[in-house]
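# Let's see this in three dimensions:
(chains A, B and C)
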Amino acid sequence: MPELPEVETIIRRLKNGAAGQPGVCHQVIQSVQITWPKIIAAPDPASFQEALTGKTIIDAQRRGKYLHFLLDEGHLVGHLRMSGDMRTETRLTPDGTPNPAGPYDRIIFNFSSPHRLVFSNIRKFGRMWYLTTPQELFKRLGPEPLDPQFTAALLIEKLRAHARQIKPLLMDQSFIAGLGNIYTDEALFRAGIHPLRKSDSLSPAEGERLHQSIQEVLRQGILRFGASLDWFYRGGEFQNDFKAYARTGHPCPICNTPIEKIVVGQRGTHFCPHCQKLV
DNA sequence: CATCAACCCTGAGAGC
DNA sequence: TGCTCTCAGGGTTGAT
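Residues are numbered from 1 along each chain as shown, chains lettered A, B, ... in the order given. Have a look, this model is predicted:
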């Protein structure tokens, strides 16, 4: 579920510091604890541990849904997939005893300072990489939807190049990087486009509206610090702004027609059958 | 090329 | 109360 706005919120907190925690820049990794080795995608866990020990974090960025830490040598990259979070915390509690790890903490980076960086992941779908260059991961990604280079004209051109259902296409990270199930449903609702429409059937006006609504939901999501859902990733408020997602049976905020839920591309999909017509 | 199913996982919520 | 079952979902892989 962490999509672009959630990952952006997390990386900003890590970079700038939050809740009394310092930012990660200039922190030196003293040791690495791995409690679930399958999180490490590359290299093998032992090499990962060895390579990161002693490295200094230079910067923290986001690309699509990836968390990207530039080191003094090499790059640490993380992907939270479904149910993950990254946070910093103190290594000791106020009374001086070791701060116990949480039950879902999979990778812990102990800093030389009294702090640590934690990769938590309930469902163990998340992945981390230590790479010489992150290009091998990032080269598959489509444009950043909030980048000035991502224009309406570019989106319209890209839509025409495929004859695919619009919803799975928007969620395809090689098409655009950062949209997941929530923000795709919200963007399609705001643009008044049915999730099953074929991408090459959209009019230029619809492409324009879609471009606008994609940027709108992402910007609003970031302003609201992302969406908090269920029991993972708390702290965001965008769930209060949902107009379609997770609102099955509730009245459409525009026309009062009950929101419907269908399955598209193996994903639960919410839309208003009146405002988002198939033909 | 487009679509679909399976896989990796856990906890919540429903049903009994 | 407590068990079993179903579901959710990002991305990858393989089949159709």
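
# can we go C-alpha only for contacts and neighbour counts from here?
Noted.

# Could you pull out the helices in the stretch 101-250 of chain A for me?
When secondary structure is read from DSSP state H, counting those that start in this stretch, the stretch 101-250 of chain A shows helices at A:135-138, A:152-160, A:166-171, A:181-191, A:204-223.

# is the fourth one anywhere near DNA strand C?
Yes. Where contact is defined by C-alpha under 7 Å from any atom of the strand, part of helix A:181-191 touches DNA strand C, namely A:181-182.

# who's in contact with that helix?
Contact partners of helix A:181-191, identified using C-alpha atoms under 8 Å, 6 or more residues apart in numbering, comprise A:1, A:3, A:167, A:170-171, A:194-195, A:206, A:209-210, A:212-214, A:216-218, A:242-245, A:267-272, A:275-276.

# Same question for the last one.
Applying C-alpha under 8 Å, 6+ apart, the set of residues contacting helix A:204-223 from outside is A:4-6, A:8-9, A:145-146, A:151-153, A:155-156, A:159, A:183-184, A:186-188, A:190-191, A:193, A:227, A:238.

# Neighbours of the nearest residue to A:Ile176 once chain neighbours are set aside, how many?
With sequence-adjacent residues excluded and distances taken as C-alpha to C-alpha, 6 or more residues apart in numbering, A:Ile176 is closest to A:Gly142, at 4.4 Å. The burial count assigned to A:Gly142 is 16, neighbours taken as other C-alpha atoms under 10 Å.

# gap between the residue of chain A positioned farthest from its centre and DNA strand C?
Most distant from the centre of chain A: A:Asp95, at 35.5 Å, with distances by C-alpha atoms, centre = their mean. Plainly put, A:Asp95 is 35 Å away from DNA strand C if you go by C-alpha to the nearest atom of the strand, to the nearest Å.

# Surely that residue forms part of a strand?
No. Counting by DSSP: H, G, I helix; E, B strand; the rest coil, one finds A:Asp95 to be coil, located in no strand.

# Tell me, what's the model's pLDDT at it?
In this model, A:Asp95 is scored at 88, pLDDT.

# near DNA strand B, which residues of chain A show up?
Taking C-alpha under 7 Å from any atom of the strand as the criterion, the contact residues of chain A with DNA strand B come out as A:38, A:122-125, A:161-165, A:168, A:198, A:230-231, A:264-266.

# If anything else comes up later, I'll come back, but that's it for now.
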